[in-house]
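**Q** give me the fold of what follows.
(chains A and B)
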There are 2 protein chains.
Amino acid sequence: MTSPEKIWTAGLVVIGDEILSGRTHDKNIAQVASWLQVQGIRLAEVRVVPDDQDRIIEAVNALRDANDYLFTTGGIGPTHDDITVDAVSAALDVPVVIHEDARALLERYYSDKGGLNEGRLRMARVPEGADLIPNRMSGAPGIRRGNVILMAGVPHITAGMLDALTGKLEGGAPLLTETIGCWVAESEIANLLRETEQAHENTQIGSYPFFRDGKVGANFVIRSTSEEDLKSCVDTLCDGLATSGYDFTPGGI
Amino acid sequence: MTSPEKIWTAGLVVIGDEILSGRTHDKNIAQVASWLQVQGIRLAEVRVVPDDQDRIIEAVNALRDANDYLFTTGGIGPTHDDITVDAVSAALDVPVVIHEDARALLERYYSDKGGLNEGRLRMARVPEGADLIPNRMSGAPGIRRGNVILMAGVPHITAGMLDALTGKLEGGAPLLTETIGCWVAESEIANLLRETEQAHENTQIGSYPFFRDGKVGANFVIRSTSEEDLKSCVDTLCDGLATSGYDFTPGGI
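**A** Numbers count the residues shown, from 1 in each chain, chains lettered A, B, ... in the order given. The predicted model follows:
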């Protein structure tokens, strides 16, 4: 029952000292991950690196070699610590150029805000050969060059760029998931979970325990790209829980 | 004025399909990062990897080679998808053994909850030569083997383990930070920021823009391990802002 279909994957490089210092809580990993699921692309790895050109280059090259797509968030603004375009251009071995459409966009956006200056013009710089990703929230666009996609660090701007990319990337079958919740300590039914997963090759079961209202419970998330395999695995797990005398809640608790 | 002092660094491997699927929003990166700052250890890189032994081994080895400490979060529970101990033992090239103190802890903890079983006993498994990190929240301890530290994925349990480690790791001078807030578009003063940072070698300035109450502003975070260098850089920046006619708010907006 294993699908011969290609699995499309993406890597994400989150760029910024502010994430590594704990000052800013990253919100882009979760939103990029959720968005990719719907595109039928699996997020295979994330690396969080500082505002350091060599470290960005290393992470970008490692993850773009290993995956179909490479996303970055952060470091495309107007200030000296925004070095993503330079680092990615170096990684791709292409020069940094001014994108004329980006310059025009920024000229319009800043026309009633004091006009373009050296810092603002930085946001028109792209790796040679890149296209722009519209950004309705602020002037500066995102950047796409082939399978490499550079997005903002500010989460609501990133969200707008993801929206603009929706349906534009080739992907495979979306990963389907179903959740079964149960008021049980996961450690009581570890065998059932393992055996159920092993009996259904094209599925994974994740176990996510919680402690609520003074009781322990867990949500079991079953994932598969095949609706049939997913259903079969869910049915086996629910039968096993019922046989062991546990009530369960489809959809999760 | 550059300090010859050693800079202590750590890598963090966040383990779990649930983070890469977007189902769970990671909270451990920020809490580990903030905690490390206070220990005088810099978080140099984070990798988020799936519940896959080879991928965990690769990330663990890459980050422990490059840093003084290696932390992991996730995958130390009782179920089949908890494979961190196996993967890290393989990375360290030591066998997995039952830690007798951990077994005793778990026996006590589960004595009124149905006793130990195969799944629960998994949580007593450690890389040979490891010590335990107390966990007051639930039965299962964290694990430390030299400079490699394995912690829970559930954030409040991780927090307890960090608490137990406080003051126990050798570090350097904590990174000091000061924040200056200003109602200015960061793109208007990009030159001032760059020149100020360049004039103060042992400091970094991060620029974090925001949009609030219909106005744009930014917080500038100045970082240094030297109190003297930090103060000098902050003074230069504030003088520059004042000279350009901007009000600013020490402590940030």
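
**Q** which residue ranges of the stretch 1-150 of chain A form strands?
**A** A:8-15, A:41-49, A:69-73, A:96-98, A:125-127, A:131-133, A:142-145, A:148-151 (DSSP state E, counting those that start in this stretch).

**Q** could I get the contacting residues of residue A:76?
**A** Residues in contact with residue A:76, defined by CB atoms under 8 Å, 6 or more residues apart in numbering or on different chains, are A:82, A:84-85, A:123, A:140, A:142-143, A:150-153. Quick note: C-beta positions are derived from backbone N, CA and C, even for glycine.

**Q** mind redoing it with 7 Å?
**A** For residue A:76, the contacting residues are A:82, A:84-85, A:123, A:140, A:150, A:152, by CB atoms under 7 Å, 6 or more residues apart in numbering or on different chains.

**Q** returning to what we had before: out of the strands of the stretch 1-150 of chain A, which comes closest to chain B?
**A** Chain B sits nearest to strand A:41-49 of all the strands of the stretch 1-150 of chain A, at 3.8 Å, using CB to the nearest CB.

**Q** the closest one close to chain B?
**A** Yes: Strand A:41-49 lies within reach of chain B by CB under 7 Å from any CB of the partner chain, at A:43, A:45-49.

**Q** which two among those residues are spaced furthest apart?
**A** The span of the residues of strand A:41-49 next to chain B, defined through CB to CB, is set by A:43 and A:49 at 16.5 Å.

**Q** what is the helix or strand bottoming out on mean pLDDT in chain A packed up against?
**A** Least confident helix or strand, chain A: strand A:204-212 with a mean of 88, by mean pLDDT, DSSP states H and E. Under the contact criterion of 3 or more CB pairs under 7 Å, 6 or more residues apart in numbering or on different chains; DSSP states H and E, strand A:204-212 touches helix A:190-198, strand A:215-224, helix B:17-20.

**Q** partners of the second one in the sheet?
**A** Strand A:215-224 has these partner strands in its sheet, going by DSSP bridges: strand A:176-182 (antiparallel), strand A:204-212 (antiparallel).

**Q** report the secondary structure state of residue A:156.
**A** Residue A:156 falls in the helix class when you classify it by DSSP: H, G, I helix; E, B strand; the rest coil.

**Q** show the contacting residues for it.
**A** By CB under 7 Å, 6+ apart, the contact list for residue A:156 reads residue A:137.

**Q** just the helices and strands packed on strand A:204-212: most buried one?
**A** Mean neighbour count (mean count of other CB atoms under 10 Å in any protein chain shown) peaks for helix B:17-20 among those, with a mean of 24.

**Q** touching chain A at all, that helix?
**A** Yes: against chain A, helix B:17-20 shows contacts by CB under 7 Å from any CB at B:17-20.

**Q** go through the top helix by length along chain A and flag the buried ones.
**A** For chain A, the longest helix by residue count, based on DSSP state H, is helix A:227-243. Buried positions in helix A:227-243, judged by neighbour count with 16 or more other CB atoms under 10 Å in any protein chain shown: A:229-230, A:232-234, A:236-238, A:240-241.

**Q** of the residues you listed, which is the nearest to residue A:212?
**A** residue A:241 (18.4 Å).

**Q** mind listing what's buried in stretch A:41-54?
**A** Buried residues in stretch A:41-54 (16+ other CB under 10 Å): A:41-51.

**Q** cool, and stretch A:23-35?
**A** Buried residues in stretch A:23-35, counting neighbours by 16+ other CB under 10 Å, are found at A:23-33, A:35.

**Q** avg pLDDT for that stretch?
**A** Averaged over stretch A:23-35, pLDDT sits at 95.

**Q** how about stretch A:106-113?
**A** Per-region confidence: stretch A:106-113 scores 92 on mean pLDDT.

**Q** buried stuff in it?
**A** Across stretch A:106-113, burial judged by 16+ other CB under 10 Å covers A:106, A:109-110.
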